[in-house]
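Trainee: Dropping the sequence and predicted coords here.
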Amino acid sequence: MPAPELILIKHAAPLIKPGIPAHQWHLAEAGIKKAAQVALLLEAHAPQALASSREPKANETATVIGGHLGLPVEIIPGLHEHERSRSPWSTQAAFEAAVQACLNRPGELVYGDETADQAYTRFATAVDHFLARHAGQTVAVVAHGTVISLFVSRRCGLEPFSLWRRLGLPALVTLSRPDLALIQVVESI
């Protein structure tokens, strides 16, 4: 039996609607196709449980994956993206600069409605509880780039912003269990 893993999945590409907050976006058609490709990659890992953020783009990614793998999707509070729903729409460059400031100054409220430390604590608590309920199993969690980057960087000693920039739509980060050592980063699918 293979060693258990935690597979963190950044959601597939959403249909971007500038007038609607990002936490309400749904998957684009191309995102649905990419989510199916993620499911094919996950077959080799044989996850036994699948969790998702409550946000539509993550939940829809998880639903495609779960349908392919025959797994129910558990929506877990706390897996959502860094709280920034009230931040105004901006250019890609301004968005990246804001995320970089947030990740580089984790204890300060520099972007959005929570600090990076608060987002990490919320997300890590949710993941840790999910892992505890599925001890010894390979599990997959569909979430978002900033919170995945915070979690992986702190648990594995990586620089968060460079990891954040590497993660495409979708992407996978595989960690061993129970030590949560980094096994692999699949930057884009």
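Mentor: The structure has been received and is ready for your questions.

Trainee: The longest helix seen in the chain: how far from the chain's middle?
Mentor: In the chain, taking DSSP state H as the definition, the longest helix is helix 116-133. How far helix 116-133 lies from its chain's middle: 12 Å, per CA atoms, centre = their mean, to the nearest Å.

Trainee: In terms of secondary structure, what does that helix contact?
Mentor: If you count contacts as 3 or more CB pairs under 8 Å, 6 or more residues apart in numbering; DSSP states H and E, helix 116-133 packs onto strand 49-52, strand 139-143, helix 145-156. Backbone N, C-alpha and C define where each C-beta goes, glycine included.

Trainee: closest to E96 out of the ones you listed?
Mentor: Ranking the helices and strands packed on helix 116-133 by distance to E96, with CB to CB as the measure, places helix 145-156 first at 11.1 Å.

Trainee: Go ahead and confirm R86 touches E114.
Mentor: No - between R86 and E114 there is no contact under CB atoms under 8 Å: 11.2 Å.

Trainee: Where do the helices of this protein begin and end?
Mentor: 29-42, 56-69, 92-104, 116-133, 145-156, 160-166.

Trainee: Let's have those in CSV, adding mean neighbour count.
Mentor: Conversion of the helices of the chain to CSV gives the following (neighbours: other CB atoms under 10 Å):
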stretch, mean neighbour count
helix 29-42, 18
helix 56-69, 23
helix 92-104, 15
helix 116-133, 18
helix 145-156, 22
helix 160-166, 18
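
Trainee: Any chance of a markdown table for the ones you listed, columns distance to E81 and mean pLDDT?
Mentor: Shown next, in a markdown table, are these (distance: least, CB to CB, whole Å; pLDDT from 0 to 100):
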| stretch | distance to E81 | mean pLDDT |
| --- | --- | --- |
| helix 29-42 | 15 | 98 |
| helix 56-69 | 8 | 98 |
| helix 92-104 | 11 | 96 |
| helix 116-133 | 8 | 98 |
| helix 145-156 | 6 | 98 |
| helix 160-166 | 12 | 98 |
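
Trainee: Of those helices, which is nearest K10?
Mentor: Going by CB to CB, the one of the helices of the chain nearest K10 is helix 145-156, 5.1 Å.

Trainee: Which strands and helices lie in contact with that closest one?
Mentor: Under the contact rule (3+ CB pairs under 8 Å, 6+ apart), helix 145-156 is packed against strand 5-10, helix 92-104, helix 116-133, helix 160-166, strand 171-176.

Trainee: by how many degrees do that helix and strand 171-176 diverge?
Mentor: Here helix 145-156 runs at an angle of 20 degrees relative to strand 171-176 (axes from the mean of the first three to the mean of the last three CA atoms, to 10 degrees).

Trainee: between the helices of the chain, which one is nearest to P18?
Mentor: helix 92-104 (11.6 Å).

Trainee: tell me what the closest one is packed against?
Mentor: By 3+ CB pairs under 8 Å, 6+ apart, helix 92-104 packs against helix 145-156, helix 160-166.

Trainee: Now do it against helix 116-133, angle only.
Mentor: Using the same axes, to 10 degrees: helix 92-104 against helix 116-133 is 70 degrees.
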